[in-house]
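Trainee: Build the 3D model from these lines:
(chains A and B)
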Amino acid sequence: MKAYQKYIVSGSFIAAAITFPLVVTDPYFQHIMNVVFLYSISIYAFNIITGITGQLNLAHAGFIGIGAYTSAIASVNFSMNFWLAMPLAIAVTGVFGFLIGFPSLRTKGVYFSLATLGFGEILFIVFENWIPVTGGPMGITGITAPSGIPLPGDLAISFGGKKGFYYLCLTFLFFIIYLTKQLFRSRLGQAMTAVRENESLTQSVGISIVKTKITAFVLSAMLLGLTGSLFAHYFRFISPVTFTVPETFRCLSMLVVGGMGTLMGPLLGAAIFTALPEFLRSIEEYQWMVYGIVLMLFIAFMPEGIVGFINEKTAKHHSRRQ
Amino acid sequence: MALLECSQVSKHFGGLKALEKVSLSIEEGNLVGLIGPNGAGKTTLFNLITGFLRATSGKIAYQGRDITSCPPHVLASMGLVRTFQKINVFGHLSVLDNVITGHHLQKQTGLIGALFQSRKFRREEASFRRDSLAILDSIGLGKWENYSAKDLPLGLQRALGIAVALAAKPRLLLLDEPASGMNSEESYFIMELIRKVHKSGITVLIVEHDMSVIMNLCQRIVVLDFGKVVAEGTPEGIQHDPQVIEVYLGKGFDNAAEIA
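Mentor: Numbers count the residues shown, from 1 in each chain, chains lettered A, B, ... in the order given. Just a heads-up that it's a prediction; the model follows:
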């Protein structure tokens, strides 16, 4: 694809995304899109540590939980509005990312995954049992919707409804896609890719593995904190069942199917896996089986995911001077 | 003062004495070969010098500074860069991106600069791209820039490994068996490449099995056997050293020098 064709394609997608809630006014479909966006943001965060840096983090849902609970408690107990609670959630999740990442990133490969799996499970147990703070299995209710931005006169931008939240999420999604795009071009992103590809060679060109991994992990955790905060203020109710280890695997399936380490894979994976259960309503009890089969087929036949597969097929193998 | 100075370096793995009191010094501008039979401890010595292993005892100094317990990425920032015997590239990255990644130490703008696409970031990005293409051209990999590194033939992957190391601006380059598993044409190509690298002013230490490569290239050769230095000298001297002949061929060969 030539450069201008790329601009036309991405331009029309952006235009379609912006006009969607104006055209499709059915709140059900708007809600589905909001869920797709929430998932997408979390899968982009997953992509940073697992897709780009190559460290399979199984505490994924736990981190979203930290963000969600921080934001919910700030909102309900300290009556902070969304615009204060969200940065707080990002900061707290980032700190937890450092505290959990520091010991677990000293281990490699499968051991790192097992360590994070353990932390993920511990976080879930804390959410469920620390009743005075988290409300236990009953969760936290009465979280405020994101407050709007007042404009001069009587106008205001509201994020309370489905449509308002759509635009809020879309803004963050645009940001995180742009972040990923620039990450690939940056010193940090190239170090992260190097760590995934070949750790010995990475060290021998002067890249600190520990520093790179921890930075990636904390960055990913902060974005998961953002996801959790958005989630809490959108549903206005949270409970531990949302932040379980199976939820992590659902997100992992999205990442694998979309394409690990790619720019558009997370969005595609999130869209497919959010739309799928809506179509599978009639056979709901079998949906996990369908996920499992889909995941297995992808790992066996298309491990690079849909976007990775397309990239490989369209790769340019020519020199700049032929 | 020698550029690299190993004094009385030992490395024990449990009861196994992989290296026993090895001393070695390399002057700036030298091209030194390190040879020895399988299991002699060549790669272990390499790993000690480059910080991938830590010596049991002894001292390694680089530019007069004690580096015995420095991690690899710190050593790289001091200009001590190595290549590896096996997979030597970032497989899923393009050839060009491999070399750009090798420039890590010279990159100055961080993620914030990249996010705002600051002028400094764009200038830096363009200059590393230019430098990387120049390195690729100089070693004859220019036309492969868009290929995934894993798709290159073995000989070119080795060359790319050296290109990545060169991008890190080494002062002392350590090459671990750059010609292993290659046919004669490929190993000739690598030899020419190493000669070019050395001519550009980089000190080189090379571990190699292939005698013709070592004998043709190096000014000085160090022979290791069972973790000890058994001989040291010019290629001619080494070829006729009775102890070296014994190490490689065993005792009792009268005309061994000719065979070797």
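Trainee: Can you dump the C-alpha atoms of stretch A:242-253 in CSV for me?
Mentor: Provided in CSV are the C-alpha atoms of stretch A:242-253 (Å, rounded to 0.1, in the frame of the first residue of the first chain):
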residue,chain,number,x,y,z
THR,A,242,-14.5,-8.8,36.6
PHE,A,243,-10.8,-9.0,37.6
THR,A,244,-10.2,-12.7,37.6
VAL,A,245,-7.5,-14.8,36.0
PRO,A,246,-9.9,-16.2,33.3
GLU,A,247,-10.5,-12.6,32.3
THR,A,248,-6.7,-12.2,31.7
PHE,A,249,-6.8,-15.2,29.4
ARG,A,250,-9.8,-13.7,27.5
CYS,A,251,-7.6,-10.6,27.0
LEU,A,252,-4.7,-12.8,26.0
SER,A,253,-6.9,-14.4,23.3
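Trainee: what about it, distance to the chain center?
Mentor: Offset of stretch A:242-253 from its chain centre (Cα atoms, centre = their mean, to the nearest Å): 11 Å.
Trainee: Give me the buried positions along that stretch.
Mentor: By neighbour count on 16 or more other Cβ atoms under 10 Å in any protein chain shown, the buried set for stretch A:242-253 is A:242-245, A:247-253. Every C-beta, even on glycine, is put in place using the N, C-alpha and C of the backbone.
Trainee: where along chain B do the strands fall?
Mentor: Assigned by DSSP state E, chain B shows strands spanning B:4-13, B:16-26, B:31-35, B:57-62, B:65-66, B:80-82, B:172-176, B:203-207, B:220-225, B:228-233.
Trainee: before we move on, the earlier item: would you convert the buried residues of stretch A:242-253 into JSON lines that also reports distance to chain B, secondary structure and pLDDT?
Mentor: As requested, these are exported to JSON lines (distance: Cβ to the nearest Cβ, whole Å; DSSP: H, G, I helix; E, B strand; the rest coil; pLDDT from 0 to 100):
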{"residue": "A:242", "distance to chain B": "30", "secondary structure": "helix", "pLDDT": "90"}
{"residue": "A:243", "distance to chain B": "28", "secondary structure": "helix", "pLDDT": "93"}
{"residue": "A:244", "distance to chain B": "32", "secondary structure": "coil", "pLDDT": "90"}
{"residue": "A:245", "distance to chain B": "29", "secondary structure": "helix", "pLDDT": "89"}
{"residue": "A:247", "distance to chain B": "28", "secondary structure": "helix", "pLDDT": "88"}
{"residue": "A:248", "distance to chain B": "25", "secondary structure": "helix", "pLDDT": "91"}
{"residue": "A:249", "distance to chain B": "24", "secondary structure": "helix", "pLDDT": "89"}
{"residue": "A:250", "distance to chain B": "26", "secondary structure": "helix", "pLDDT": "88"}
{"residue": "A:251", "distance to chain B": "22", "secondary structure": "helix", "pLDDT": "92"}
{"residue": "A:252", "distance to chain B": "19", "secondary structure": "helix", "pLDDT": "91"}
{"residue": "A:253", "distance to chain B": "21", "secondary structure": "helix", "pLDDT": "89"}
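Trainee: tell me the contacts of the residue in the stretch 101-250 of chain B that chain A sits nearest to?
Mentor: Closest approach between the stretch 101-250 of chain B and chain A, counting by Cβ to the nearest Cβ: residue B:114, at 3.6 Å. With contact set as Cβ atoms under 8 Å, 6 or more residues apart in numbering or on different chains, residue B:114 has these partners: A:182-183, A:185-189, B:121.
Trainee: let's see it at 7 Å
Mentor: Residues near residue B:114 by Cβ atoms under 7 Å, 6 or more residues apart in numbering or on different chains: A:182, A:185-186, B:121.
Trainee: Residue A:83 now?
Mentor: Contacts for residue A:83 were tallied using Cβ under 7 Å, 6+ apart; they are residue A:147.
Trainee: Now do the SS call for it.
Mentor: Three-state assignment for residue A:83 (DSSP: H, G, I helix; E, B strand; the rest coil): helix.
Trainee: one step back: how about the buried residues of stretch A:242-253 in TSV, adding distance to residue B:162?
Mentor: TSV is the format used below for the buried residues of stretch A:242-253 (distance: Cβ to Cβ, whole Å):
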residue	distance to residue B:162
A:242	51
A:243	48
A:244	49
A:245	45
A:247	46
A:248	41
A:249	42
A:250	44
A:251	40
A:252	38
A:253	40
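Trainee: Could you check the pLDDT of the closest residue to residue B:65 other than its chain neighbours?
Mentor: The spatially closest residue to residue B:65, leaving aside those adjacent along the chain, is residue B:78, at 7.8 Å (Cβ to Cβ, 6 or more residues apart in numbering or on different chains). If you check residue B:78, the pLDDT there is 92.
Trainee: ok, now how distant is residue B:78 from residue B:72?
Mentor: From residue B:78 across to residue B:72, the span is 11 Å (Cβ to Cβ, to the nearest Å).
Trainee: Among the two, which residue is more densely surrounded?
Mentor: residue B:72 (24 against 17; other Cβ atoms under 10 Å in any protein chain shown).
Trainee: so who does that one touch?
Mentor: By Cβ under 7 Å, 6+ apart, the contact set of residue B:72 is A:203-204, B:50-52.
Trainee: Neighbour-wise, give me the winner out of those.
Mentor: Of all the contacts of residue B:72, residue A:204 has the most neighbours under the rule other Cβ under 10 Å, reaching 29 neighbours.
Trainee: and it, how far is that from residue A:40?
Mentor: According to Cβ to Cβ, residue A:204 and residue A:40 sit 36 Å apart.
Trainee: show me where the stretch 1-150 of chain A has helices.
Mentor: Using DSSP state H, counting those that start in this stretch, the helices of the stretch 1-150 of chain A run over A:3-23, A:27-46, A:60-76, A:82-104, A:109-129, A:131-134.
Trainee: How far off centre is the first one?
Mentor: Distance of helix A:3-23 from the chain centroid (Cα atoms, centre = their mean) equals 22 Å.
Trainee: so what secondary structure elements neighbour it?
Mentor: On a contact count with 3 or more Cβ pairs under 7 Å, 6 or more residues apart in numbering or on different chains; DSSP states H and E, helix A:3-23 meets helix A:162-185.
Trainee: if we can go back for a sec, tally of neighbours for the residue nearest to the residue of the stretch 101-250 of chain B closest to chain A when sequence neighbours are not counted?
Mentor: The shortest distance from residue B:114 to any residue other than its chain neighbours is 3.6 Å, reached at residue A:186 (Cβ to Cβ, 6+ apart). Residue A:186: 22 surrounding residues under other Cβ under 10 Å.
Trainee: Residue A:186 against residue B:112, yeah?
Mentor: No - proximity of residue A:186 to residue B:112 does not meet the contact threshold set by Cβ atoms under 7 Å, at 9.1 Å.
Trainee: wait, residue A:68 sits on residue A:239?
Mentor: No - with contacts counted by Cβ under 7 Å, residue A:68 stays clear of residue A:239, the gap being 9.7 Å.
Trainee: Pick out whichever of those two has more residues nearby.
Mentor: Neighbour tally, residue A:68 and residue A:239, criterion other Cβ under 10 Å: the higher count belongs to residue A:68, 30 against 18.
Trainee: hang on, the earlier thing: for residue A:209, see how far away the residue nearest to residue B:65 is.
Mentor: Computed with Cβ to Cβ, the distance linking residue B:78 and residue A:209 is 18 Å.
Trainee: again with residue B:211
Mentor: Separation of residue B:211 from residue A:209 (Cβ to Cβ): 36 Å.
Trainee: higher neighbour count, the two?
Mentor: Neighbours per residue (other Cβ under 10 Å) separate residue B:211 from residue A:209, with residue A:209 holding more: 19 against 15.
Trainee: and for the longest helix anywhere in chain B, what are the contacting residues?
Mentor: Counting residues, the longest helix found in chain B (DSSP state H) is helix B:119-138. Helix B:119-138 is contacted from outside by A:185, B:95-96, B:99-100, B:103, B:107-109, B:113-114, B:142, B:145, B:163, B:166-167, using Cβ under 7 Å, 6+ apart.
Trainee: which two in the residues you listed are spaced the farthest apart?
Mentor: The distance between the two most remote of the contacts of helix B:119-138 (Cβ to Cβ) is 28.7 Å, for B:113 and B:142.
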